[in-house]
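K.L.:
coords please:
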Amino acid sequence: MNQTNLQADHIKLEDTRVTRRYFGKFQRITGYLTKVAATMEAEGKFSRRDIEALAHYLVGLNWTFTALAHKYHFSGRFAHAGKLTFDRVDSGFPVYQELLEMANDALQADRHLASMPSTDDLKDQMVRVILGEQEIPTKLQYALSQRLYYEELARGDQFWARNDPQAVWVKNKGDRRVFQVHWAVYDSQINLPTIYLMDIEDTGRTGLPKDERRWPEAQAHLMAQSVAGLKLLTIAKGFDEDFDDLHPTRLRRFHIGPMYSHAFTSQSGPLRDVLKAANSPVGEDWALVWTEEELVSERVEHVKSGWFGSVERQIFARDVFEQGGSNLGATNMERSLIMPERPYQALAERNPPGFHDVRKFVVSDNGRVLSYR
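P.N.:
Residues are numbered from 1 along each chain as shown. This is a model prediction of the structure:
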């Protein structure tokens, strides 16, 4: 895609009211994600370990939007407030550059906080301006929003552009150690949060996370391959071939998004028409796609290595329908839709082609999550 098209796809939120509605929408969405994941755990789709890994990133995504909401709270009302840029066509999420800038701000958060008045001081100043000068203390309100932004960054645990791999010991399997490695990226090609879970059998002398040679190499390798355009089969086979004593037996990738909204995005397709027909109130005009890809090893073969040795290589199960031309590069893939009740009702009434096999999670403010096929 050329630069002109990229600029057309990305839009700045110019108005304070619209900006706050955008962040209010995402605050609801990210709050629902952990509830949906918990529903999947209750159904047996995820283990407790899976949920702990996923929740780490989903909660972090919530903190990311909380921080950005503070940063842009006065967009359109104060000259220096800045304006959020988001991808209105491909994802509905903020563009990748926003997370890069947030990471840079996080590195300097303590220095900024040290030079700012405290929250209580800013509030006292605001009261004096309101009572003494009978004016709206816009500059002080903006200063407070920036202080809250840097305080949020200083707390940490946000979802960053790069969230480096972590290894969790699962069990010993004979002379092997089994680990789950998880990591995440904010994919720069599609402006979406993407989470990876990989199950690994380790036959090395030292356990992977304590191995000063292999662990940094494995982390660097996985981060370099964390691109939406790469198939899971390509990622897993590359890892398997580069590390003779690390054996990836299962790899999963979760795409969080796109987010569709009749008010904010301009994606084409039946979902946009469904949201238009739903005519939902503010805060409920959205649908979020959740996609899981999975690649599983079905057997092991030994291939020659050097003069006398051999190494173990994984043979991965492929989608049985790939011969029809889909070339999925995974064992299976499942798409789900997360949406409030009113958009779901419009979807059920219109029943557009292609949504019959899509899992639907219907969420409500009372915390209830209903699942439909």
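
K.L.:
for the closest residue to Val289 other than its chain neighbours, grab phi and psi.
P.N.:
Spatial nearest neighbour of Val289, excluding adjacent residues (Cβ to Cβ, 6 or more residues apart in numbering): Pro258 at 5.5 Å. (C-beta placed from N, C-alpha, C; glycine too.) Backbone torsions of Pro258, given as degrees, to the nearest 10, read phi -70, psi 160.

K.L.:
surely Pro258 touches Asp187?
P.N.:
No: look at Pro258 against Asp187 with Cβ atoms under 8 Å: they stay out of range, at 11.6 Å.

K.L.:
residues contacting the residue nearest to Val289?
P.N.:
For Pro258, the contacting residues are 90-93, 192, 265, 267, 288-289, by Cβ atoms under 8 Å, 6 or more residues apart in numbering.

K.L.:
now render these as a markdown table, adding secondary structure and distance to Val303.
P.N.:
Below are these laid out as a markdown table (DSSP: H, G, I helix; E, B strand; the rest coil; distance: Cβ to Cβ, whole Å):
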| residue | secondary structure | distance to Val303 |
| --- | --- | --- |
| Asp90 | coil | 40 |
| Ser91 | coil | 40 |
| Gly92 | coil | 45 |
| Phe93 | coil | 42 |
| Leu192 | strand | 36 |
| Thr265 | coil | 48 |
| Gln267 | coil | 45 |
| Leu288 | strand | 43 |
| Val289 | strand | 39 |
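
K.L.:
could I get the residues you listed as a markdown table with distance to Ala114 and pLDDT?
P.N.:
What follows is the contacts of Pro258, written out as a markdown table (distance: Cβ to Cβ, whole Å; pLDDT from 0 to 100):
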| residue | distance to Ala114 | pLDDT |
| --- | --- | --- |
| Asp90 | 39 | 85 |
| Ser91 | 36 | 93 |
| Gly92 | 36 | 95 |
| Phe93 | 32 | 97 |
| Leu192 | 35 | 97 |
| Thr265 | 39 | 90 |
| Gln267 | 43 | 75 |
| Leu288 | 38 | 96 |
| Val289 | 42 | 96 |
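
K.L.:
for this structure, which segments are assigned as strands?
P.N.:
10-12, 85-87, 162-173, 176-187, 192-202, 246-260, 287-305, 309-317, 332-340, 359-363, 369-372 (DSSP state E).

K.L.:
within the sheet, what are the partner strands of the longest one, with directions?
P.N.:
By that I understand strand 287-305. strand 246-260 (antiparallel), strand 309-317 (antiparallel), strand 332-340 (antiparallel) (DSSP bridges).

K.L.:
circling back to that earlier point, from Thr64, how far off is the residue nearest to Val289?
P.N.:
Distance, Pro258 to Thr64, using Cβ to Cβ, to the nearest Å: 17 Å.
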